[in-house]
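Participant: Just a sequence and a predicted model for now, questions to come.
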Amino acid sequence: MNRIKYLKELALILLLFFGGFFGVTLVANWVTARHDYKINEVESNLYFINEGEQFDMVITGISHARNFSRQTNHAATESILNKKVLNLGRGGGLCGLHGQQLYLDFFFEKGNKTEEVLFIATPPLLYGTYLDRNESGYWDEPIRFDFSWFILKNGNSDKRWQLYQSFIRKVKPSWLSFKKYSNEPNTNQLEKIDSVKIKEGMRLAYPEGMTPEMLNENLFYFKKIVETCQKNNANLKVIIPPAVFGKWLGHEAVLKKLDQLGKVDNFEIIDFSEAILEKEFYYDHHHLNFNGVRLFWKKYISND
């Protein structure tokens, strides 16, 4: 009898503990999620994936993709291309190729449509298998139970830990002081091309090295993106973005593999790695500033 009473009391304590934690988490999430964020203000995706919307273009990739929408870049992108754009790229080491594939699948699962998917094939993304193991993968996303369920069904072996970390984040002071990007254009310019910093940047971009196995693992998820685009009648275009130093390590291997796939699956692959080599169009060695973004769209992508 005492044992039954003990188990009941323990169950009540656990219910109150987890119920309280869950309640605090939801309140903390609401405090931030209720803000009317714009796509140029945050790196998150779930504020902007709604249901039944139509876009002209969806952009995917890591920071070199998201940079096309940061600060005033998003308005410039839509204006120059004359397209309604949704950017699903995520920088800061928060998302790898599997993550990008999952966001795109979730976008279509919610009944959304796009005429074109622009995949920004930065070589560090194609080799960066570690990116999808990041425990902070969803830390800056608001809690959405439809997305959590989607990740539990389709995510990798770290999915439960990543979702747990996302929930835990919501009860920390840093979530309540969530900072947005400035609404001013980033016109900072790279002062000089520094070979030492470029070498160090390359090392940081490939922390686990570069092997054919890493590339093939990520190409598996890229092929799923190809299949998703075909299934949803979205034209896929793949570009390698510019950098002030031109080609990343692994560039030739990535380009060769993508070119082979493009010939089979009928998608366009364009190498822009050396398209813009002037330092005044970058704020660091591989991210375009506001003027660089405008130049890239106008000179190489816009039909006008």
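Facilitator: Ah, there it is.

Participant: switch to C-alpha atoms for all contacts and neighbour counts from now on
Facilitator: Noted.

Participant: Spell out, range by range, the helices that occur in the chain.
Facilitator: Here the chain has its helices, by DSSP state H, at 2-33, 63-66, 73-81, 97-109, 123-127, 145-154, 159-169, 173-176, 195-205, 212-231, 251-265, 290-296.

Participant: And the fourth one, what's buried?
Facilitator: It refers to helix 97-109. Residues of helix 97-109 classed as buried by neighbour count (16 or more other C-alpha atoms under 10 Å): 97, 98, 99, 100, 101, 102, 103, 104, 105, 106, 107, 108.

Participant: any chance of these in TSV, with pLDDT and distance to residue 181 too?
Facilitator: Converted to TSV, the buried residues of helix 97-109 look like this (pLDDT from 0 to 100; distance: C-alpha to C-alpha, whole Å):
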residue	pLDDT	distance to residue 181
97	95	24
98	95	26
99	94	22
100	96	22
101	96	25
102	96	25
103	97	22
104	98	23
105	97	27
106	97	25
107	98	24
108	98	27
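
Participant: Quick one: residues contacting the spatially most central residue of the chain.
Facilitator: Nearest to the geometric centre of the chain sits residue 90, at 2.3 Å (C-alpha atoms, centre = their mean). If you count contacts by C-alpha atoms under 8 Å, 6 or more residues apart in numbering, residue 90 has them with 43, 44, 60, 61, 62, 63, 65, 66.

Participant: sorry, back to before: just give me the closest of the buried residues of helix 97-109 to residue 169.
Facilitator: Nearest to residue 169 out of these is residue 99 (C-alpha to C-alpha; 19.1 Å).

Participant: The closest one and residue 133 touch, don't they?
Facilitator: No. Using C-alpha atoms under 8 Å, residue 99 is not in contact with residue 133; the gap is 9.7 Å.

Participant: how about low-confidence regions in the protein?
Facilitator: Along the chain, the parts satisfying pLDDT under 70 run over 1-34, 303-304.

Participant: just to revisit the earlier point, could you count how many residues lie near the nearest residue to the residue nearest to the centre of the chain once chain neighbours are set aside?
Facilitator: Distances taken as C-alpha to C-alpha, 6 or more residues apart in numbering put residue 62 closest to residue 90, at 4.8 Å, once the chain neighbours are dropped. By other C-alpha atoms under 10 Å, 26 other residues sit near residue 62.

Participant: pretty sure residue 62 is touching residue 98, no?
Facilitator: No. Assessed by C-alpha under 8 Å, residue 62 is found out of contact with residue 98, at 11.6 Å.

Participant: count of residues packed around the closest residue to residue 68 other than its chain neighbours?
Facilitator: Counting by C-alpha to C-alpha, 6+ apart, residue 68 lies nearest to residue 74, which is 5.9 Å off, once chain neighbours are set aside. Residue 74 has 24 neighbouring residues, counting by other C-alpha under 10 Å.

Participant: mind starting the numbering at 341 from now?
Facilitator: That works, and once the first residue is 341, the last one we named lands at residue 414.

Participant: Contacts only, for residue 414.
Facilitator: Going by C-alpha under 8 Å, 6+ apart, the list of residues near residue 414 reads 379, 380, 408.

Participant: likewise residue 630?
Facilitator: Listed by C-alpha under 8 Å, 6+ apart, the contact set of residue 630 reads 412, 413, 525, 526, 527, 621.

Participant: Residue 407 is in contact with the fourth one, correct?
Facilitator: No. No contact is recorded between residue 526 and residue 407 when judged using C-alpha under 8 Å, the distance being 10.3 Å.

Participant: neighbour count winner among these two?
Facilitator: Using other C-alpha under 10 Å as the criterion, residue 526 and residue 407 rank with residue 407 on top: 24 against 18.

Participant: what sits against that one?
Facilitator: Neighbour list for residue 407: 413, 627, 628 [criterion: C-alpha under 8 Å, 6+ apart].

Participant: What's opposite residue 427 in the beta bridge?
Facilitator: Residue 427 forms beta bridges with residue 399, as assigned by DSSP bridges.

Participant: I'd like the distance between it and residue 508.
Facilitator: Computed as C-alpha to C-alpha, to the nearest Å, the residue 427 to residue 508 distance reads 26 Å.
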